[in-house]
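**Student:** Quick one, what's the 3D model for this:
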Amino acid sequence: MPDTPTPATMHKHAGSGPPPGSPPGAGGGAKPVEERGRTALAVGVVEKIAGMAAREVTGIHALGSGLARTFGAMRDRVPGGKPSVGRGIKAEVGEKQSAIDIALVVEYGVVIPELARQVRENIINAVERMTGLEVVEVNIAVNDVHLPDEPEYEEEEEPVATSGQRPKLK
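**Tutor:** Presented below is the predicted three-dimensional model:
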């Protein structure tokens, strides 16, 4: 049985071919680093990256459908709860590709096709750059338009000020 090379013997023989007892072809024909293991990305990783990339685009009021935003706002109020960056994002992640669905609420007055193009471009660039996955599609659902005089969800639960002034925004 051949001796197993130790780090010391590998270092001593560096540059002079394969260490003694190495299998044939183990010298210069080693696999590239990318082929020496596999990297698995959780779906949540891609969803968070996509959520952050989408939020960078001006004209988005919120991510998620009305129900998701309602539950998310309640979850955010629980002590120790953290806001979900991936709210409103659903991703499918394979070994080399990803597909992303996003639900948005846009500000009144934005040109929705242009906003969708910018969101799609930002998400694709961020996910591909940070994960190495090919993004095959980004499907965007615009679920609502936020009007300038519409109250926020959090404001609706606040008691109305009796002095005729609006409650302070958080």
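**Student:** Point me to the helix or strand that includes Arg38.
**Tutor:** For Arg38, there is no helix or strand it lies in under DSSP states H and E.
**Student:** which residue sits closest to it, ignoring its sequence neighbours?
**Tutor:** Using Cβ to Cβ, 6 or more residues apart in numbering and skipping residues adjacent in sequence, the residue nearest Arg38 is Glu95, 7.5 Å away. C-beta: built from backbone N, CA, C; applies to glycine.
**Student:** Quick check: the gap between the one you found and Ile89.
**Tutor:** 20 Å (Cβ to Cβ, to the nearest Å).
**Student:** Comparing the two, which residue is more hemmed in?
**Tutor:** A count of neighbours by other Cβ atoms under 10 Å puts Ile89 above the other of Glu95 and Ile89, at 27 against 9.
**Student:** from memory the more buried one sits against Leu104, does it?
**Tutor:** No - using Cβ atoms under 8 Å as the test, Ile89 is too far from Leu104 to be in contact (10.1 Å).
**Student:** what do those two both touch?
**Tutor:** 54, 63 (Cβ atoms under 8 Å, 6 or more residues apart in numbering).
**Student:** picking up where we left off before, so the residue nearest to Arg38 touches Thr131, yeah?
**Tutor:** No - in terms of Cβ under 8 Å, Glu95 does not count as a neighbour of Thr131; the distance is 11.3 Å.
**Student:** Just say helix, strand or coil for Arg117.
**Tutor:** Following DSSP: H, G, I helix; E, B strand; the rest coil, the label given to Arg117 is helix.
**Student:** Give the burial count for it, as a bare number.
**Tutor:** Using other Cβ under 10 Å, Arg117 is surrounded by 13 other residues.
**Student:** Val45 and Ala126, how far apart?
**Tutor:** For Val45 relative to Ala126 (Cβ to Cβ), the value is 12 Å.
**Student:** Under the pLDDT cut-off, which ranges of the chain? List them.
**Tutor:** Within the chain, the stretches with pLDDT under 70 are 1-29, 66-84, 152-170.
**Student:** Now do the strands in the protein.
**Tutor:** Assigned by DSSP state E, the strands in the chain fall at 60-63, 89-93, 97-107, 134-146.
**Student:** and the first one, what does it pack onto?
**Tutor:** The helices and strands touching strand 60-63, judged by 3 or more Cβ pairs under 8 Å, 6 or more residues apart in numbering; DSSP states H and E, are helix 43-55, strand 97-107.
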